[in-house]
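> I would like to see how this sequence folds:
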Amino acid sequence: MSETITQDRITLAKGLNMGLRRAMEDDPKVLVMGEDVGKLGGVFRITDGLQKDFGEDRVIDSPLAESGIVGTAVGLALRGYRPVVEIQFDGFVYPAYDQIVCQVAKMHYRSRGRSKMPMVIRIPFGGGIGAVEHHSESPEAQFAHTPGLKVVACSNPVDGYWMIQQAIACDDPVVFLEPKRQYHADKAQLDTSATPDPLFSSRVVRRGEHATLLAYGPTVKTALAAAEAASGEGRSLEVIDLRTLSPLDMAPVLESVRRTGRAIVTHEAHVNLGMGAELAARITEECFYSLEAPVLRVGGFDTPYPASRIEEEFLPDLDRVLDAVDRSLDF
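Residues are numbered from 1 along each chain as shown. Got it, this is the predicted structure:
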């Protein structure tokens, strides 16, 4: 029996750093690229210490040119490397959007499977850090809508450690979303000898009976807080961390909604044509006769991201989630 190896309680930032380090130790073809990822260790210090330990040939400080970063990574991936590129902030991804949608997503299909595209695009996403626009956006639905891309969102330190390694090992391109407000917010105990859940799988993180809350990334913490608050009023809410947005793992979702008869989806992205719309459609198609109420969505408003002083009014919070729960249970 192998010895259980445990670490101190770690943050999400530390978990991602440890996961990147482990992947680079295990495979010399893994490279890290991006703006300030080397000497500085990244704006959020996710790559701290990696250039010192692995050298400038494997942890590469790039120019301020997202299209160039991703385009270079495409060439490296075609030559057998496994590049991990960092987009410094979510709103900075759009200069590379053409590369991601027209090249990264299509290369495997275009080549009839002969050319793999094993690359990871790390994107800190979401708000809650008091930043200006282009630093607090949630573009996940745009990538989840693109065939050929895998899209995942971690929500906690343990998932950060395992999911980044699994994404790097994947032969398909993975858009890896990291909730920036959670980087240094909470700590969790990591067992590095544990067997992680598969990368493209949802997880029930709290059992309940009366309604199902669906969340991913930064809103998982909000959903759990709402479930805890609701329990004080005798309401039992089940919370599911989706973890994967493309492909969606619907089996745990459908099983839960068939039991509870109600579903509420929450995400920081604005509601119109967001992930909540896709989830609502799939749940309605599969669980129509089990539903006791319409599937409800709680998200950002349909405006550009606001000034930081009013961002807490824009983001879905405990009260807005609980209000949706009340409306669902009132049907």
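> what residues does stretch 40-59 touch?
Stretch 40-59 is contacted from outside by 13, 16-17, 20-21, 24, 28, 30-34, 36-39, 61, 86, 88-89, 122, 124, 178, 180, 183, using CB atoms under 8 Å, 6 or more residues apart in numbering. C-beta coordinates here come from the backbone N, C-alpha and C atoms, glycine included.
> Endpoint to endpoint, it covers what distance?
With CA to CA, to the nearest Å applied, stretch 40-59 spans 11 Å between its terminal residues.
> now it, how far from the centre of its chain.
22 Å (CA atoms, centre = their mean, to the nearest Å).
> got the buried residues for it?
41-44, 46-48, 50-51, 54, 58-59 (16 or more other CB atoms under 10 Å).
> go on, stretch 138-150?
Neighbour-count burial for stretch 138-150, counted by 16+ other CB under 10 Å, picks out 138-144, 146, 148-150.
> per-residue confidence averaged over it?
Mean per-residue pLDDT for stretch 138-150: 97.
> Repeat that for stretch 60-67.
Confidence over stretch 60-67 (mean pLDDT, whole number) is 96.
> Output that stretch as PDB, restricted to C-alpha atoms.
Coordinates of the C-alpha atoms in stretch 60-67 are reproduced here as PDB (Å, rounded to 0.1, in the frame of the first residue of the first chain):
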ATOM      1  CA  ILE A  60       9.000  32.000 -21.400                       C
ATOM      2  CA  ASP A  61       8.300  35.700 -20.900                       C
ATOM      3  CA  SER A  62       6.500  36.800 -24.000                       C
ATOM      4  CA  PRO A  63       5.800  40.200 -25.500                       C
ATOM      5  CA  LEU A  64       2.400  41.900 -24.800                       C
ATOM      6  CA  ALA A  65       0.800  40.100 -27.800                       C
ATOM      7  CA  GLU A  66      -1.900  37.500 -27.100                       C
ATOM      8  CA  SER A  67      -2.200  36.500 -30.700                       C
END
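> And the contacts of that stretch?
With CB under 8 Å, 6+ apart, stretch 60-67 has contacts from 31-39, 51, 68-69, 72, 87, 92-96, 98-99.
> how about the strands of the stretch 51-200 of the chain, start to end?
In the stretch 51-200 of the chain, strands defined by DSSP state E, counting those that start in this stretch lie at 59-61, 82-86, 120-125, 150-153, 174-179, listed in chain order.
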